[in-house]
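Novice: Predicted coordinates and the sequence they were generated for:
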Amino acid sequence: MINFIRKYLAGTSQPTPNNENLLNRIIWGQFGTDVIQWYDGKQLEFITEGYQKNAMVYSIIRKISDKVKAADLQVFKPVADKSRAKYRSLKYSGKDLSFHQSKVIKRKELQLIENADPLVDLLLKPNKKQSYTEFIDEVCTWFQTTGEVFIYGVGPGSDSRNFGKYSELFCLPTHLVEIKTNLTRLVMSEDIVLGYKLSIGDQMVIIPKEDVLHIKMVNLIWDLNGSQMRGQSPLLAGAQFLKKNNLGVEAGAKQNQNQGANGIVSPSPGPPELWPDAIEIERIRQGIDLKVNGTENRGRVVASGLPMQYTQMGFSGQAMQLIESLRYDDEKLCGLWGVHPVIFMPTATRAELEVAQKSLVTDVALPFLNLVEKKLEDWLNPKFGTNYVIEYDVSSYPEMQPDVKLIMEQYRDNETITKNELRIMLGWDEMQVDGADTLWVSSNKIPIEDAFSGAGADFGDFTGNPQ
């Protein structure tokens, strides 16, 4: 690859046309045929060793997915071209007041689609076997586990006037999907993806690129195999913690499974004539069972007339350290998804849990939902001939409920909003009375030019007495 870089960037080659992309020429230029972008196989490991076998990884992903699927799906038609951007800039700003201000934009500039509509019906019932909640749960689980998700749209063929208007949506198993590309296309504006290959056992099918929505996390591995076209799972960065965590859990399980005798009583080093014979050993064992073992002997001090010693049986110090380090691994694994580990701590206080739950919504669930909203709109709107706003309503989250005191302090006497706008931010119904949608100003305030319109050149002193 370095030879290509030297050849095209060293300045010895012929001038490059303005519309040619050197990056594509360097990375893809040596290929002349179609290539399948195989994944490196780690996704199956992330599924089996992470989501399926690691309790902490499973708990983290389930916590995220359960929060994501709790958001109701709505579809709106924007009143103005800028309504969509204005609404989302406030909703996803991360600031409480901005989020509640977005409710006003939503109420006034987004029109809810309530009648029968093909796109709305598709999103609320993606396929015959899944509801919306089940579908978005699966989308989120694939994405958080493998770093990407493929959504497959099924609809009438190209000979139908409804071609492209899907009747069903499905999630494809990401570890069984490969991206088929044409690496001879050198201009960045041209899509090099030809389609997607799904292989299960000895069965294989090529799905047209137009029928698949690929949502992925950023992958910084760029190579001639096209690794950058695949998403990077959070577990790739935490692979060592995952392995160590699994080993620690396995070591603890083995300790419980193999736990037999806790120790051995043996003769203390001394003259052999003092060592007990077989009969005496049996008497010693019976004495230990009677006077040492059992809860009734808890805290009891016993004495022996023989020079004996006790040897503890257990795991090596290294194995015990591995088991003890599990709680630190849990914190690292939580950090891979941006989830606060306090959520999984049984000793956490209520205040700590409230902060952690709020962080789960604002730092994890909302960014994911924002990404899915935009991707679905870009993919489905052109196919259905619509300009809808796909919206996940997170206002029902307990963590996003309005802080009444904060809002009232900021807006109760604010003359730039109406009473109904204030009620919308508080999550209350609008009032259908005169003046509720009117801006009111204080009666003792007048424009500054009016304040000086009747004043002469001589204003008098500060006491109000004329000069």
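Specialist: Okay, I see it.

Novice: Domain ranges for this protein, per the record?
Specialist: 261-312, 415-446 (automatic domain parsing).

Novice: So which elements touch the helix or strand where Lys67 lies?
Specialist: Using DSSP states H and E, Lys67 sits within helix 55-68. Contacts defined by 3 or more CB pairs under 8 Å, 6 or more residues apart in numbering; DSSP states H and E place helix 55-68 against helix 132-146, helix 239-257, helix 326-337, helix 366-384. Where you see a C-beta, it was placed from the backbone N, CA and C, and this is true even at glycine.

Novice: looking only at pLDDT, what's the mean for the first one?
Specialist: Just to be clear, that refers to helix 132-146. The pLDDT scores in helix 132-146 average 96.

Novice: which of the residues in the helix or strand following it are buried?
Specialist: Using DSSP H and E, the next helix or strand after helix 132-146 towards the C-terminus is strand 148-154. Buried residues in strand 148-154, defined by neighbour count with 16 or more other CB atoms under 10 Å: Glu148, Val149, Phe150, Ile151, Tyr152, Gly153.

Novice: my guess is the second one meets Phe143, correct?
Specialist: Yes - at 4.4 Å, Val149 counts as touching Phe143 under the criterion of CB atoms under 8 Å.

Novice: Pick out whichever of the buried residues of strand 148-154 sits closest to Val139.
Specialist: Distance to Val139 across these (CB to CB) is lowest for Val149, with 5.3 Å.

Novice: Who is the closest one paired with across the strands?
Specialist: Beta-bridge partners of Val149, counted by DSSP bridges, are Ile215.

Novice: State the distance from it to Phe170.
Specialist: Val149 sits 11 Å away from Phe170, taking CB to CB, to the nearest Å as the criterion.

Novice: And the strands in the stretch 301-450 of the chain?
Specialist: Assignment of strands within the stretch 301-450 of the chain using DSSP state E, counting those that start in this stretch yields the ranges 308-312, 389-393.

Novice: Now Tyr92: closest residue in space that isn't a chain neighbour?
Specialist: Asn370 (5.1 Å; CB to CB, 6 or more residues apart in numbering).

Novice: Please work out how many residues are found near the one you found.
Specialist: 15 (other CB atoms under 10 Å).

Novice: cool, Cys334 as well?
Specialist: Neighbours around Cys334, by other CB under 10 Å: 22.

Novice: contacting residues for it?
Specialist: By CB atoms under 8 Å, 6 or more residues apart in numbering, Cys334 lies in contact with Met56, Ile60, His340, Pro341, Ile343, Phe344.

Novice: Let me know the closest of those to Lys67.
Specialist: The closest of the contacts of Cys334 to Lys67 turns out to be Ile343 (CB to CB; 10.3 Å).

Novice: I'd like to know how far that closest one sits from Arg84.
Specialist: Distance from Ile343 to Arg84, by CB to CB: 33 Å.
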